[in-house]
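1. This is a predicted model, with the sequence first.
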Amino acid sequence: MVIRDKNETLQQPEGYALYSVQGEGAYLRLEYRLFEYNPARYAAIIVYLNDMGREVARCMVEHKPLPQAASVATVPIARQYRFYDGWLLTLTGLQEMMKCLKRW
């Protein structure tokens with residue numbers, strides 16, 4: 001994509017390539033991204049042009065993702081612990097039922 005600036009006021013950032021052009025309201029939005037591909041880092045410069053082709057605003061967006069946490073291996077729960085937990089839930093339910101019957 002080639003953008004021709006008749007006023008020659010638009011300066012392309014060094015090390016960045018034109019990525020996208022969009023119209024946003026009365027402004028033209030140009031997005032430049034880094035030449036090199038690095039998945040751990042995202043950097044872009046966004047330039048807004050007015051209807052005369054002059055640069056109105058320029059902002060830089062840089063995003064570094066958070067480091068990934070080490071995965072934790074899950075261990076299956078043994079049958080005896082599942083039975084024990086079920087038994088405790090049953091006793092707790094009976095206890096709650098007895099409390100409700102005493103109020104009646």
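-> Ah, there it is.
2. quick one: which helix or strand includes residue 98?
-> helix 79-103 (DSSP states H and E).
3. average pLDDT across that helix?
-> Mean pLDDT, helix 79-103: 91.
4. What strands flank the worst-scoring helix or strand of the chain on mean pLDDT, and is each parallel or antiparallel?
-> Ranked by mean pLDDT, DSSP states H and E, the weakest helix or strand in the chain is strand 55-63, scoring a mean of 84. When sheet partners are counted by DSSP bridges, strand 55-63 sits next to strand 42-49 (antiparallel).
5. pull the CA atoms of the partner strand into CSV?
-> Output of strand 42-49 as CSV, limited to C-alpha atoms (Å, rounded to 0.1, in the frame of the first residue of the first chain):
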residue,chain,number,x,y,z
TYR,A,42,3.4,-6.0,19.9
ALA,A,43,4.3,-2.5,19.0
ALA,A,44,2.4,-0.1,16.8
ILE,A,45,2.3,3.6,16.0
ILE,A,46,-1.1,5.1,15.1
VAL,A,47,-1.2,8.3,13.2
TYR,A,48,-4.4,10.4,12.6
LEU,A,49,-4.7,12.7,9.6
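6. What residues of that strand count as buried?
-> Residues of strand 42-49 classed as buried: 43, 44, 45, 46, 47, 48, 49 (neighbour count, 16 or more other CB atoms under 10 Å). To be clear about C-beta, it is placed using only N, CA and C from the backbone, and glycine gets the same treatment.
7. And the contacts of the least confident helix or strand of the chain?
-> 9-11, 27, 41-50 (CB atoms under 8 Å, 6 or more residues apart in numbering).
8. State the pair within those that is farthest apart.
-> 41 and 50 (30.8 Å; CB to CB).
9. hang on, the earlier thing: got JSON lines for the contacts of strand 55-63, with distance to residue 61 and pLDDT too?
-> Formatted as JSON lines, those follow (distance: CB to CB, whole Å; pLDDT from 0 to 100):
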{"residue": "9", "distance to residue 61": "22", "pLDDT": "66"}
{"residue": "10", "distance to residue 61": "18", "pLDDT": "75"}
{"residue": "11", "distance to residue 61": "18", "pLDDT": "76"}
{"residue": "27", "distance to residue 61": "17", "pLDDT": "91"}
{"residue": "41", "distance to residue 61": "11", "pLDDT": "73"}
{"residue": "42", "distance to residue 61": "8", "pLDDT": "77"}
{"residue": "43", "distance to residue 61": "7", "pLDDT": "85"}
{"residue": "44", "distance to residue 61": "5", "pLDDT": "87"}
{"residue": "45", "distance to residue 61": "8", "pLDDT": "89"}
{"residue": "46", "distance to residue 61": "7", "pLDDT": "90"}
{"residue": "47", "distance to residue 61": "12", "pLDDT": "89"}
{"residue": "48", "distance to residue 61": "13", "pLDDT": "89"}
{"residue": "49", "distance to residue 61": "17", "pLDDT": "88"}
{"residue": "50", "distance to residue 61": "21", "pLDDT": "86"}
